[in-house]
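1. Test case, fold it:
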Amino acid sequence: MININKFREVSFFKFLTLFIIYMLFVNHIFLYKGVFLGFLETNSLSFSTLFFTIMCIFLASLFASVFCIVFLPYLLKPFTIFIIIVSSICSYFMSNYGVIINKEMLLNVLHTDNKEAFSYLSINLVLWFVFATILPCIYVVFVKINYGSFKNSLKIRLKIIAFSIVTIAIIFSLTSKIFIPFFREHIYLKTVLLPSYPVYSAIKLAQILLQKPLPFTYVADDAALTNDKKKILVLIVGETQRSKNYSLNGYAKNDTNKFTKQKDVVSFTNFYSCGTATETSVPCLFSDLKRENFSNREAKARENLVDIINKLGIKTYFFGNNSGGCKGVCDNLDQNHTSEHRAAGFDEVIFDEAKKVIKDANSTTFIVLHLQGSHGPIYYKGYPSKFKEFTPTCDTAELNKCTPDEIANTYDNTILYEDYLQSELINALEARKDKFEVAMFFFSDHGESLGENGIYLHGLPYSIAPDEQKHIPAIIFSSDSELLKRLKARKNETLSHDFIFSSVLGYFGVKTKAYEPEFDIFRE
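-> Below you'll find the model as predicted:
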């Protein structure tokens with residue numbers, strides 16, 4: 001039991017000193033991984049140590065000057081607790097998974113359900129939360145801070161601010177020719193500085209969320225069917241799969257595509273995602289907007305691909321097992337044509353739903369499957385035990401405790417399981433090709449980092465995200481041999497989610513001003 005009477009009274013200066021030391025600790029990613037290791041790449045150990053020390057002094061002086069201004073007596077404790085909570089939690093996830101807390105990542109957090117949130121729970125997280133968050137906050141709540149008289153308090157603050165500004169000015173004047181080029185080259189470092197970047201990102205996200213909705217735009221109000229041939233197309237949106245681990249694309253460690261390899265499929269080797277997180281990629285790939293000009297706000301105010309196909313009278317279904325839901329894509333569909341399992345079980349549950357629709361179909365049909373797929377960090381829970389083919393595996397959410405081989409094996413097992421489900425779906429489609437032209441189009445929403453350069457999971461800003469988070473698999477099966485022949489000729493072209501919208505419209509023979517033939521993978 002904590003005896004609050006044992007908390008000693010401390011001066012404002014001592015409290016400020018302790019808090020700055022704490023802030024330097026939670027900023028170890030910026031200081032050690034960013035500055036120290038960044039200089040060590042091209043300089044000696046002594047040179048790197050010197051500039052690491054200088055940056056610590058610079059950052060401490062910056063914190064001291066800012067905190068002396070904003071830490072007024074009645075605001076000090078609430079501000080301090082807020083900064084501790086934000087900085088400690090962000091520091092843990094940045095350190096353990098290599099993520100950046102930008103507005104896209106915060107949006108992901110807002111839409112995270114309990115199951116996904118608990119997947120990150122571990123002993124390390126609990127210990128970090130206790131010692132780096134709860135105990136410091138308890139100390140701040142109960143410690144008595146002696147500010148002294150108003151005159152003395154003001155004098156101390158002004159001295160600290162003046163000393164800090166002079167220190168910053170001296171360091172800047174002596175080292176600017178070294179630090180400025182360094183930070184220009186390592187521009188991402190601004191995104192790991194705590195608490196500034198997460199707070200900045202939260203403010204930007206709040207501004208976006210508080211914007212008034214745009215007027216709704218019907219992008220294909222002239223849409224009409226020009227092809228009366230009966231077709232079934234199954235569009236599969238995978239989760240967190242990367243092209244690098246597909247044996248169809250040359251991956252040699254494990255045969256992750258041993259089931260679809262037996263089918264006549266086309267695997268595209270240079271396919272790229274619209275974003276590095278589901279919150280962006282899924283609305284984007286169903287939108288007529290391209291990655292360069294995409295925004296969630298605009299997408300919400302426009303017809304999406306599912307809306308257009310559905311209004312043409314084509315039977316349209318959306319079966320989802322992704323924990324984040326359909327991201328608004330299926331909101332306008334008949335509820336009898338949708339399901340949202342939200343990762344309640346393995347993905348086969350929605351494949352079974354799709355196979356039933358395929359079996360019973362008597363007219364042109366469009367089916368979308370949104371998978372839970374290879375969602376991390378608990379890859380080992382993404383497949384039934386009988387698909388634990390590649391071993392040893394990483395059976396924990398703490399990926400940094402596993403070897404690269406264990407992580408890759410576990411991740412590959414999730415791909416193998418999804419590959420099996422796709423091959424079974426192809427069997428169901430082939431059973432109907434006597435009455436329908438049938439096709440399956442699979443692609444992932446984004447990729448995944450598996451520890452390369454200390455980076456795990458996904459969600460980094462697109463401009464700095466590694467290729468593993470953007471380079472995704474894409475596979476097409478079709479009963480049309482001529483179509484497959486054309487697709488095989490394009491398998492090495494650079495393609496992306498930007499091609500999904502017009503490709504699906506073109507496949508069904510939809511004529512509309514929104515259709516762009518140059519973005520139709522299926523075109524003749």
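
2. helices and strands of the protein: which one bottoms out on pLDDT?
-> Here the helix or strand of the chain ranked lowest by mean pLDDT, DSSP states H and E is helix 114-118, holding a mean of 78.

3. List the contacts of Ser48.
-> Contacts for Ser48 (CB atoms under 8 Å, 6 or more residues apart in numbering) come out as Phe36, Leu37, Phe39, Leu40. Glycine gets a C-beta too; all of them are placed from N, C-alpha and C.

4. Just these: which are in helices?
-> Among these, the residues falling in helices (DSSP state H) are Leu37, Phe39, Leu40.

5. mind putting these in JSON lines, pLDDT, neighbour count and distance to His341 included?
-> Formatted as JSON lines, the ones in helices among the contacts of Ser48 follow (pLDDT from 0 to 100; neighbours: other CB atoms under 10 Å; distance: CB to CB, whole Å):
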{"residue": "Leu37", "pLDDT": "89", "neighbour count": "13", "distance to His341": "43"}
{"residue": "Phe39", "pLDDT": "87", "neighbour count": "22", "distance to His341": "50"}
{"residue": "Leu40", "pLDDT": "87", "neighbour count": "15", "distance to His341": "48"}
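
6. tell me which of these is nearest to Thr494?
-> Leu37 (32.9 Å; CB to CB).

7. Off-centre distance for the longest helix anywhere in the chain?
-> Counting residues, the longest helix found in the chain (DSSP H) is helix 150-185. Offset of helix 150-185 from its chain centre (CA atoms, centre = their mean, to the nearest Å): 36 Å.

8. what's it packed up against?
-> helix 12-26, helix 45-70 (3 or more CB pairs under 8 Å, 6 or more residues apart in numbering; DSSP states H and E).

9. which strands and helices sit next to the next helix or strand after it?
-> As assigned by DSSP states H and E, the chain's next helix or strand after helix 150-185 is helix 196-209. Judged by 3+ CB pairs under 8 Å, 6+ apart, the packing partners of helix 196-209 are helix 73-97, helix 103-110.

10. tell me what the shortest one is packed against?
-> In other words, helix 103-110. Using 3+ CB pairs under 8 Å, 6+ apart, helix 103-110 is in contact with helix 196-209, helix 278-285.

11. Same question for the first one.
-> Using 3+ CB pairs under 8 Å, 6+ apart as the contact criterion, the secondary-structure elements in contact with helix 73-97 are helix 12-26, helix 123-128, helix 135-142, helix 196-209, strand 456-457.

12. Run the angle between it and helix 103-110 for me.
-> 90 degrees (axes from the mean of the first three to the mean of the last three CA atoms, to 10 degrees).

13. out of the helices and strands packed on helix 150-185, which comes closest to Gln241?
-> The nearest among the helices and strands packed on helix 150-185, by CB to CB, is helix 12-26 at 33.1 Å.

14. The ones in helices among the contacts of Ser48 into JSON lines, with extra columns for distance to Glu406?
-> Below are the ones in helices among the contacts of Ser48 laid out as JSON lines (distance: CB to CB, whole Å):
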{"residue": "Leu37", "distance to Glu406": "25"}
{"residue": "Phe39", "distance to Glu406": "32"}
{"residue": "Leu40", "distance to Glu406": "28"}
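
15. quick revisit: can you tell me which of the helices and strands packed on helix 103-110 is most buried?
-> helix 278-285 (a mean of 25; mean count of other CB atoms under 10 Å).

16. Would you mind extracting the C-alpha trace of that helix into PDB?
-> C-alpha atoms of helix 278-285 as PDB (Å, rounded to 0.1, in the frame of the first residue of the first chain):
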ATOM      1  CA  THR A 278      -7.300  -0.400 -43.700                       C
ATOM      2  CA  GLU A 279      -8.900   3.000 -42.700                       C
ATOM      3  CA  THR A 280      -7.500   4.500 -45.900                       C
ATOM      4  CA  SER A 281      -7.100   1.600 -48.300                       C
ATOM      5  CA  VAL A 282     -10.600   0.100 -48.200                       C
ATOM      6  CA  PRO A 283     -12.600   3.200 -48.900                       C
ATOM      7  CA  CYS A 284      -9.900   4.300 -51.400                       C
ATOM      8  CA  LEU A 285      -9.900   1.100 -53.500                       C
END
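
17. Provide the contact partners of it at residue level.
-> Under CB under 8 Å, 6+ apart, the answer for helix 278-285 is 104, 107-108, 111, 237, 239, 273-275, 291, 294, 296, 299-300, 304, 322, 324, 326-329, 370, 443, 445-446, 497, 500-501.
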